[in-house]
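# here's my sequence, what's the structure:
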Amino acid sequence: MQFSALAQSGSRWQRKMDGHGHGHGEMGLLGENFDLGIMGRMREDEYESRSGSDNFEGASGDDQDGGGDEQPPRKKKYHRHTPHQIQDLESFFKECPHPDEKQRLELSKRLGLETKQVKFWFQNRRTQMKTQLERHENLILRQENDKLRAENNMMKDAMSNPMCNQCGGPAIPGQISFEEHQIRIENARLKDELNRICALANKFLGRPLSSLAAPIPLPSSTGLELGVGRNGIGGFNNALSMGLDLGDGMSSGAQMMPLVKPTIGMMSNELPFERSILIDLALAAMDEMVKMAQADSPLWMKSTNGGADVLNYDEYIRTFPPCIGPKPSNFVSEATRDSCVVIINSLALVESLMDANRWTEMFPCLVARASTIDMISGGMGGSRNGSLHVMHAELQALSPLVPLRQLKFLRFCKQHGDGIWAVVDVSIENNRDGTNAHPFPHCRRLPSGCIVQDMPDGYSKVTWVEHSEYDDNSVHQMFRSFVSSGIGFGAQRWLAALQRQCECLATLMSSSLPNEENIAISPSGKRSMLKLAKRMVDNFCAGVCASSVRKWEKLSVGNVGEDVMVMTRKSMDDPGEPPGIILSAATSVWMPVSQKKLFEFLRDERLRSQWDILSHGGPMQEMVHITKGQSHGNHVSLLRASAMGATDSTMLILQETWTDSSGSMVVYAPVDTTSINVVMHGGDSAYVALLPSGFAVLPDGSPSSGYVAQTNSNGHPIKGEAGDGDVGGSLLTVGFQILVNSLPTAKLTVESVETVNNLITCTIQKIKAALHVS
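Have a look, this model is predicted:
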């Protein structure tokens, strides 16, 4: 079987090289779903400098040969196209890469260029695309070559060192005696029995789960496959017979997960042992999460102020053994449960949750970044039922004073009935010796996730359970009630973000939207505007949230406030940002006004002059309004200063606002008229330079909000504390990004830091004065 696998790998490589050699176009290896449109947006270094964007005036080298040897060569004059010309040329290139002479003449007249310049631009652009396609093909072929070479080496290792599936010793009987072979088999049997006894004992003692699972002997007929749950070994039968009862009479037992293929060349009992631990952990986490999601579960009780449900800690300890080891002494627990109805079906939501990129897009302001580290199981029958992934994610709150939650966890998906799915997450350890050593020591995620049940008309009911433990000392004092109440990372925020995103998608796909724009915009123009606004919001979040990529600094210079955080970055080759040194500054303050009142004040363009220096002392006029949800505050707009003293008529403001029960956001950025006109006509928004600023308004987590998620060791809820006894307050995060120097090699100065600090301080003071608060 190993020799046939090697032969198949070789034939696969030969077929791929043959397909490449026949020259079936440049798209041969890019796949059926490759979009040619993205090639125009690939930011290559030569594109900025030469490829189609620049031209030289004068004749070519061939035309100059007849001028005689005595004349010195004429110096070529350098031309750079304007952004408007590049946008129009790019848009035309997407539709017609090979324009004829009539089309080139029409383009040259419209753009104010010579026909020769247009001709050379398209020639350079086609050459650039061909180069990019060849690079992509070479990259794919190189990766495939490396993969086949690695498979070949592992097969050679497996053939040169065959191992016995029963005892783990050499597979060739002549190398060891018959007595030694029998001893090895008996030793493996006793080791398996010892591990099973330890598993039973550890379930009663509450030891870490990593010592529960036993190595599963592999049948000789399937030496490369691990059958999970076979013969009830390791207690899998009890876990797999777990069913889900949602109160409507629907219950189904869990099916066995599909076979898992370990890597060739490793010890036959090493990788199955490690993966069996992960599978056992995933099944236990699924069982725990489903029981915690039950509506009539005794694990939950009402908080003392009648707010959200609170975990009954004593009942939880009696019901479940420690899933990932005991809680560290400096950690506090946070557990929340909530449910809502969203306009998305269960299959679409499950697909979004199991794909790291789509999961990040579904929760844009909550999930900073995510990736799939390993896929232990891809599912059964072409569905996500039984999928088990190892993932890494970074969760963020909209303030630099709340630390990032970095997690390495298992994500397990299971179908419990027709139209009923469950997805659970649980943190995993870095090692296998049973010690409590986590890759990120500030937090860990206990079994958390959601149950999705289909409803009529494309809706789904989602029940979300969020249970985590974290180091409370790493959170700023101002945000401790916000985090401990569950508003920061609890079930309420996950569902609010999911509901808002689903409403946005449904609204944008609706054909009955009212036309609220003063300027008519085509559907392609709306898509470009929304894409530009999404990039603006993502950049703003990166500029106000804690990050593992960039480091915030608390500088004690001049009159910089204690909680003002700053960071710098160099922008050189990104067309979406101006080149130079960019300074980001952010801070958070407590405001004695409600979240709704503060949000309505900040988003009102008629009151903008009370806090924004870009308004020139007068109200702003809304030129474009694109609705993004049912709430009147969820939209993208284009604003223009209407004051008499507004001198910069070429500058507009792009703004996006949204609000839900977990928080609100107002993000804006100045844009020039030429670039935004190109976007409004469906042009590429990637070349519009943005430096976003704005506000995030969050509930303060006071007891009056009704959210109490933190419990002490006795199972009683711990109430949050509102500042100075005031209730109904909010947490305001202010963030600005400014270009301090257009030279990327320049150094940051103290004057630049003090300037942005004065801007933040002045803005906060103006907001307090307008709202008549101190």
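
# now for this structure, the helix or strand with the poorest mean pLDDT.
helix 236-240 (a mean of 33; mean pLDDT, DSSP states H and E).

# CA-only coordinates of stretch 340-353 in CSV, if you can.
Taking Å, rounded to 0.1, in the frame of the first residue of the first chain, the C-alpha atoms of stretch 340-353 are listed here in CSV:
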residue,chain,number,x,y,z
CYS,A,340,-31.8,35.6,19.9
VAL,A,341,-33.3,35.1,16.5
VAL,A,342,-31.1,36.1,13.4
ILE,A,343,-31.9,36.2,9.7
ILE,A,344,-29.6,33.4,8.6
ASN,A,345,-30.1,29.7,8.2
SER,A,346,-28.2,27.2,10.3
LEU,A,347,-26.0,25.8,7.5
ALA,A,348,-24.8,29.3,6.4
LEU,A,349,-24.0,30.2,10.0
VAL,A,350,-22.1,26.9,10.7
GLU,A,351,-20.0,27.4,7.5
SER,A,352,-19.1,30.9,8.7
LEU,A,353,-18.1,29.7,12.2
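
# next, the buried residues of stretch 731-740.
Within stretch 731-740, the residues that count as buried by 16 or more other C-beta atoms under 10 Å are Leu731, Leu732, Thr733, Val734, Gly735, Phe736, Gln737, Leu739, Val740. In this view, the C-beta of every residue, glycine as well, is placed from N, C-alpha and C.

# my bad, stretch 365-378
Cys365, Leu366, Val367, Ala368, Arg369, Ala370, Ile376, Ser377.

# kindly report the same for stretch 129-143.
Neighbour-count burial for stretch 129-143 flags Met129, Gln132, Leu133, His136, Glu137, Ile140 (criterion: 16+ other C-beta under 10 Å).

# for Val465, report the pLDDT, please.
According to the predicted model, the pLDDT of Val465 comes to 94.

# tell me the spacing between it and His772.
42 Å (C-beta to C-beta, to the nearest Å).

# which of those two has more neighbours?
Higher neighbour count among Val465 and His772: Val465, with 29 against 7, using other C-beta atoms under 10 Å.

# how about the contacts made by that one?
With contact set as C-beta atoms under 8 Å, 6 or more residues apart in numbering, Val465 has these partners: Met289, Met292, Ala293, Ala335, Thr336, Arg337, Pro447, Ser448, Gly449, Cys450, Ala491.

# farthest pair within those residues?
Pairwise distances across those peak at 14.5 Å for Ala335 and Cys450 (criterion: C-beta to C-beta).

# what about the helices in the stretch 351-500 of the chain?
Per DSSP state H, counting those that start in this stretch, the stretch 351-500 of the chain carries helices over the ranges 356-362, 480-484, 491-509.

# out of these, which comes closest to Val589?
helix 480-484 (13.1 Å).

# which secondary structure elements does the one helix or strand Leu141 maps to sit against?
Here Leu141 is covered by helix 115-160, with elements defined by DSSP states H and E. In terms of contacts (3 or more C-beta pairs under 8 Å, 6 or more residues apart in numbering; DSSP states H and E), helix 115-160 is packed against helix 2-21, strand 54-57, helix 83-95, helix 101-111.

# in terms of mean pLDDT, which of the ones you listed ranks lowest?
Of all those, helix 2-21 has the smallest average pLDDT, which comes to a mean of 44.

# in terms of pLDDT, where does Val589 sit?
pLDDT for Val589: 91.

# tell me the secondary structure at it.
Classification of Val589 by DSSP: H, G, I helix; E, B strand; the rest coil places it in strand.

# does it have beta-bridge partners, and which?
Leu732 (DSSP bridges).

# what about it, distance to Val666?
From Val589 to Val666 the distance is 15 Å (C-beta to C-beta).

# so those two - more neighbours on which side?
For Val589 versus Val666, the count of surrounding residues by other C-beta under 10 Å is larger for Val666: 23 against 16.

# was I right to think the more buried one contacts Gln655?
Yes. Contact criterion C-beta atoms under 8 Å: Val666 and Gln655 qualify, at 7.0 Å.
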